[in-house]
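In: predicted coordinates and the sequence they were generated for:
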Amino acid sequence: MVNFNFLWQKKSSLNDIETITKFVAKEITSSKNPFCLWLKGDLGAGKTTFTGFLLKHLGLPPDVTVNSPTFTYLTEYEITGKKYAHLDLYRVAQGFQSFADGTMDISLYQGLIIEWAENLKDSSEILPTHCLNIELDGDFNERSYTLFKR
C-alpha cells in the first residue's frame, strides 16, 4: 500500500482542463528527477484526455494525438530529447509483467503516466511520485481533481 499526502483539489469543467494540467505539470516537474504519475478514476473519467493535455504542457507537439494504450499497454513519446511513457493497465489481470521480467527498463524515462496502476500485482517496482484522482462530479462535463504526492 502506498501512502500519499494531499496536495490540492479542484472541481472544474472539461473546458478548464488546460488550467488543471498546467498546474499538475508544474508540480510533477518541480524536481529535476523523473516522475511517476498514477491516474485513478472510473472508465470515462478522462484519464487519457488528461494525459494528452499534460504531455502537451511538457512539450509534445500539438499535432501529435495521444490515444489510450489499452490494447498495447504502452505508448512512448520523446519530448525535447527525453522519453515519457503512457501506460494503461486496465486489462492487466496478473500485473504488468514487463517490470517483473525486466523487459521494460523504467530508468529510461523522464516520466511515467500510468492509468489503472491499482491493477499492478506488485507496485514496488514502480512507485509513484504523485497520484491524481479524477472523479465525475455532477453532469458528464464536471470533474473533481485531487492531487497527492508520495
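Out: Nice, thanks for sending it over.
In: all helices for the chain, in order.
Out: For the chain, applying DSSP state H gives helices covering 17-28, 47-57, 97-100.
In: angle of the longest one against helix 47-57?
Out: Comparing the axes of helix 17-28 and helix 47-57 via axes from the mean of the first three to the mean of the last three Cα atoms, to 10 degrees yields an angle of 70 degrees.
In: return the helix or strand in the protein with minimum mean pLDDT.
Out: None of the helices or strands of the chain scores lower by mean pLDDT, DSSP states H and E than helix 97-100, at a mean of 55.
In: need the phi and psi values for T129.
Out: T129 adopts backbone torsions of phi -90, psi -30, taken as degrees, to the nearest 10.
In: tell me where the protein is predicted with low confidence.
Out: For the chain, the stretches with pLDDT under 70 are 1, 93-103, 125.
In: so how far is T80 from the residue positioned nearest the centre of the chain?
Out: The centre of the chain sits closest to I113, judged by Cα atoms, centre = their mean, with a distance of 3.1 Å. Taking Cβ to Cβ, to the nearest Å as the measure, I113 falls 17 Å from T80. In short, each C-beta sits where N, CA and C put it, glycine included.
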